[in-house]
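> Next one to model:
(one chain, ligands or ions: 1)
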Amino acid sequence: MDAVSAQTVSAWARHLGVNPADIDVRRLRRDLASGTLPAVFAAAARRSPTATVQIGSERCTHAALHGCAARSASVLAAHGIAPGARVILCAGTSMDFAVCYLAILHTGATVVLANPGYTRTELQHLVDRSAAALLLVDDEAAWVPDVETLAVAEVTTRATDAAELALAELSADDTALLAYTSGTTGRPKGVPLSHGMLLASIRAVMRAWRWSPDDTLVHALPLFHQHGLGGLHASLLAGSNAVVLARFDPHDLVAAVDRERATIVFAVPSIHRRLVSLDADELQPLRRLRFITSGSAALSPALAEELITRTGTQPLERYGLTESGLDVSNLYDGNRVLGTVGFPLPGVEVELFDAAGSIVRAGSEGEIALRGPQVFTGYLDDAAATEAAFWPGSWFRTGDLGRLDDDGRLAITGRLKELIITGGMNVSPREVERIIEELPGVTQAAVAGLASERWGEEVAAWVESDDAIDPTTVMEHCRAHLAAYKCPKQVFVIDALPRNAMGKVVRNQLVAGSGR
Ligand code: AMP
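Numbers count the residues shown, from 1 in each chain. You can find the predicted model right below:
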């Protein structure tokens, strides 16, 4: 293993509250990434049999959840699902989702997460790209892609009479999850994540945030995204209580925090924005939390200040990516500096690189690069994308810009990649542009994010059209082919897109011209 900088070790020490000299780097990384998700969850369920998980309106103990998943795994096995197979899970937040997720892992197969808001075309692309053997959905009748399809509720119902399947023999290096990121080319890239990587990611924050079996997590984030799923992982690992709301409503979230005597809330900036609009009295339960997180998109210092004033707590901001799990966090014990995401989590190294691939000095801006047991090793079947994603030395290039202060604290300062983050969900501009450019009469489309109070950024499209196409036609076409969060909220039809000398569209100019 490469040497790890003294600065990184002292960052971990700050998180772990130990003397840097007592950190054995190799051992720490090995411990973080050891085991497999189903085996570790099963062990925790045995240790904390009475801890509960509530998802939507259903609640059960960890032990019951584990048993149900093991029986559902038999149902999947009867459909030929075995180690090495891929199963797409495309369903909303529900107990059936969680059972099926754990059941797939139990068989030793790989879970491919999909947004249930996907259109049929998007889902068919995912089926083709992932070569999945089975698709699990909410409503079987609604989807007829070219693959065997089952409803999640059917799997769990049939499992009632099934025997528990023996846990598949797996190693930490086996792929647990195949996530897809919105690639900058518009073609999503497959990110294989091993059991060890996912465990390292969640264990690192659990140590840093002092997660214990006495904690109760409440969140309203979708389980098909790693952020929400990470909360379930942490709770199942710790043997602590979890309440996952099927959808976000600020009143319901605070009421759940109060009712459940919650200690932890996971949130994204667009949730925080809605929370601060509640009455001070209603927000009282948040004052009793151990902490409330913020992640998936930038939390503006102004919003953070508002939260401090209204709720008495500064969110624990953290930073991570699909490819690398959770990597950087503000300190649980210690000074949290507004506008920064804090220090590398246990096991993680952070460096900043210039465009030529040289490490930049503290205080200068550079591309954030990461190393550690939670970081993936390459995109699925895409050698070119993998090569472009790493600097020599296995440094994963995040495409985000940042600056480290003298103490090693990281601030995210911008983004090199063309990505829109709307309400915590990522949208590739190119994917939307390609759909708009299918329309007759459209010469070219440019899609970018406009600053939005509610969503952080919202998708906007500028359409160059010979015959002054109607913006409504563009919106309807997008709605027919893209999940709702990817569809432009605004469409501007213009004669000519601004282009630079190389003929490339200058998106900044479009955004500046929109007045936002
Ligand atoms: P995803 O792969 O969906 O998890 O999105 C990862 C991207 O979200 C990162 O590359 C960042 O651009 C952004 N992101 C995540 N956390 C933060 C944060 N705390 N502050 C700013 N941007 C963030």
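
> hey, let's count contacts and neighbours off CA atoms from now on
OK.

> tell me which parts of this structure are close to the ligand?
Counting by CA under 6 Å from any ligand atom, the chain comes close to the ligand at 295-298, 317-322, 341, 398, 400, 412, 426.

> right, and the pair among those residues with maximum separation?
Val341 and Asn426 (19.1 Å; CA to CA).

> Which one's more surrounded, the two?
Val341 (26 against 17; other CA atoms under 10 Å).

> Please name the residues that touch the more buried one.
Taking CA atoms under 8 Å, 6 or more residues apart in numbering, we find Val341 in contact with Glu317, Arg318, Tyr319, Val328, Ser329, Asn330, Arg409, Leu410, Ala411, Ile412.

> For Phe69, which non-adjacent residue is spatially closest?
Wrong residue type there; residue 69 is Ala, not Phe. Of all residues not flanking Ala69 in the chain, Ala103 sits nearest, at 4.5 Å (CA to CA, 6 or more residues apart in numbering).

> What strand or helix carries that neighbour?
helix 95-107 (DSSP states H and E).

> okay, that helix in PDB with CA atoms only?
As requested, the backbone C-alpha atoms of helix 95-107 are provided in PDB (Å, rounded to 0.1, in the frame of the first residue of the first chain):
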ATOM      1  CA  MET A  95     -40.600  -2.400   3.100                       C
ATOM      2  CA  ASP A  96     -40.900  -4.700   0.000                       C
ATOM      3  CA  PHE A  97     -38.000  -2.700  -1.600                       C
ATOM      4  CA  ALA A  98     -35.800  -3.300   1.500                       C
ATOM      5  CA  VAL A  99     -36.700  -7.000   1.700                       C
ATOM      6  CA  CYS A 100     -36.000  -7.500  -2.100                       C
ATOM      7  CA  TYR A 101     -32.700  -5.500  -1.800                       C
ATOM      8  CA  LEU A 102     -31.500  -7.700   1.000                       C
ATOM      9  CA  ALA A 103     -32.800 -10.800  -0.700                       C
ATOM     10  CA  ILE A 104     -30.800 -10.100  -3.900                       C
ATOM     11  CA  LEU A 105     -27.600  -9.700  -1.800                       C
ATOM     12  CA  HIS A 106     -28.500 -12.900   0.100                       C
ATOM     13  CA  THR A 107     -28.500 -14.900  -3.100                       C
END
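
> Figure out how far whatever helix or strand Glu351 lives in is from the centre of its chain.
Assigned by DSSP H and E, Glu351 belongs to strand 349-353. Chain-centre distance of strand 349-353: 21 Å, with CA atoms, centre = their mean, to the nearest Å.

> which neighbours does the helix or strand following it have in its sheet, and in what orientation?
Following strand 349-353 in sequence order, the next helix or strand is strand 365-371 (DSSP H and E). Partners of strand 365-371 in the sheet, by DSSP bridges, are strand 349-353 (antiparallel), strand 395-404 (antiparallel).

> Can you tell me which of those strands is packed in deepest?
strand 349-353 (a mean of 24; mean count of other CA atoms under 10 Å).

> Does anything pack onto the helix or strand hosting Leu136? Which helices or strands?
Under the criterion of DSSP H and E, Leu136 resides in strand 134-137. Here strand 134-137 touches strand 86-90, strand 149-151, going by 3 or more CA pairs under 8 Å, 6 or more residues apart in numbering; DSSP states H and E.

> pLDDT of that strand, averaged?
Across strand 134-137, the average pLDDT comes to 96.

> Show the average pLDDT along stretch 315-330.
96.

> what about it, start to end distance?
9 Å (CA to CA, to the nearest Å).
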